[in-house]
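Visitor: no sequence on this one, just coordinates:
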């Protein structure tokens, strides 16, 4: 009964958060465009996109049933994010029993990052579900001695996870290596043969795509950038309190890490197979942060493959801590810690479900109220934040929007790129003749800082006049309207 209530709560929170979503961003509209096409066209990204192909055909089938809209596409993520809750319950029960499983399910239900990703028409909610399911099936399969039937069921979940996102490689590799280490010779052989079969379709997609999109992969997966280990460490608390202040994040992260250590130490002393399974969970919780630190990733969605194990260990640690404080005079301290931990999580959750996430609506109204058909829109902003319905008209480049190029449509000229202000300044220099033919340019930028921003400084140095400005809010950049100087 408790699990049903928790799952219903999770569904309600995700639907409430969905109502707060604003205009779709590039990746969402990219998914919607291919999913709204024919079944064959929905597979086209498989030949050049940096993401594996499983999500788009599934989304195509879903939209064929429920209707072709961004809200319908997001609803698939809502359902996947809700289904994570009972699967996390199963994952946690393997090491902590029903009480810990209930705590883990509750954490999954109110997890701000899961609620947030469940409101986007992307594959991350589905990825979390598939990784959680493959973990639970793997533990059950290991307990059964890696029988052929159980391996077959696990292999289906693992293969679909790999074909949903590249980050699934890390938990898959951890499970296989740990299974080989903790199994006998015959079970080890069956596992290795099955693992080869799971990896094969993934490699069939990966090898030609890497060759075709080598530049795209080079831009997407860079080594040793963006903060390294510090970037990965800073992401960990965001798995619990996405969207709160830095101090709150560190407090949540330290407490969650302490609970995981308590769970590990407690389960290591138990009899049966829980000590071995907790080793697997700890590896699954830690390895993504170690692996992705070398890439310098600071985006929380790439680390959700660690979330099932993290939530299970945190829940077990919380259960152990309750028992410790219940049998001592320090109960009030434990109660204070629990309330503080939950308050920080719920405060970030409240922000997600109560603040409307309008990325571009007001900025677009400013542009539309000022624009002429011959104006240029120059974006010194990441391409993933550009308005799609207004300025792409459903037409996307073959390089999935990450290339440095120009996009023209029937009533505006939109120059866009994914890079820094320096790269944008270089583009301005190359385009000086084209800009000279423009009377007005809308510059999509960060803050209005012409003294320090080289792109804004270029317009000022060339005597362009600032005729309008729309100031950035939390979910969209600043828009500046420059006019050509009159001779």
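Guide: That came in fine, so what should we check first? All figures in this text were calculated on a predicted structure; none of them were measured in a lab. Numbering: from 1, shown residues only.

Visitor: Verify the contact between residue 481 and residue 468 for me.
Guide: Yes - counting by C-beta atoms under 8 Å, residue 481 does reach residue 468; the two are 3.6 Å apart. All C-beta atoms are positioned from the backbone trio N, CA, C, and that covers glycine.

Visitor: got any residues that touch both of the two?
Guide: Shared contacts of residue 481 and residue 468, defined by C-beta atoms under 8 Å, 6 or more residues apart in numbering, comprise residue 370.

Visitor: So for these two, which residue has more residues nearby?
Guide: Each of residue 481 and residue 468 has its neighbours counted (other C-beta atoms under 10 Å); residue 481 has more, 20 against 15.

Visitor: And the helices in the stretch 201-350 of the chain?
Guide: 214-220, 229-235, 246-268, 274-293, 307-326, 331-354 (DSSP state H, counting those that start in this stretch).

Visitor: Out of these, which is closest to residue 455?
Guide: helix 214-220 (20.4 Å; C-beta to C-beta).

Visitor: pretty sure residue 482 belongs to a helix, no?
Guide: No - with DSSP: H, G, I helix; E, B strand; the rest coil as the criterion, residue 482 is assigned strand and is not in a helix.

Visitor: beta partners of it?
Guide: With DSSP bridges as the criterion, residue 482 is bridged to residue 441, residue 466.

Visitor: where does it land on pLDDT?
Guide: Predicted confidence (pLDDT) for residue 482: 88.

Visitor: Mind naming the longest helix for this protein?
Guide: helix 70-110 (DSSP state H).

Visitor: what pLDDT, on average, does the following helix or strand past it get?
Guide: Once the chain leaves helix 70-110, the next helix or strand it forms, by DSSP states H and E, is helix 112-117. Across helix 112-117, pLDDT averages out at 90.

Visitor: got the buried residues for the helix or strand that comes right after helix 112-117?
Guide: Where DSSP H and E defines the elements, the next helix or strand beyond helix 112-117 is helix 124-143. Residues of helix 124-143 classed as buried by neighbour count (16 or more other C-beta atoms under 10 Å): 124-139, 141-142.

Visitor: rewinding a little: highest mean neighbour count out of the helices of the stretch 201-350 of the chain?
Guide: helix 307-326 (a mean of 24; mean count of other C-beta atoms under 10 Å).

Visitor: For residue 94, find the nearest of the helices of the stretch 201-350 of the chain.
Guide: Using C-beta to C-beta, the helices of the stretch 201-350 of the chain put helix 274-293 closest to residue 94, at 5.9 Å.

Visitor: now the angle from that closest one to helix 307-326?
Guide: With axes from the mean of the first three to the mean of the last three C-alpha atoms, to 10 degrees as the basis, helix 274-293 and helix 307-326 are set at 130 degrees to each other.

Visitor: pLDDT score for the residue minimising distance to the centre of the chain?
Guide: The structure's the chain has its C-alpha centroid closest to residue 301; by C-alpha atoms, centre = their mean the separation is 2.4 Å. pLDDT for residue 301: 87.

Visitor: Which residues lie in contact with the closest residue to it other than its chain neighbours in this structure?
Guide: Counting by C-beta to C-beta, 6 or more residues apart in numbering, residue 301 lies nearest to residue 124, which is 4.8 Å off, once chain neighbours are set aside. Contacts for residue 124 (C-beta under 8 Å, 6+ apart) come out as 77, 117, 165, 301, 304.
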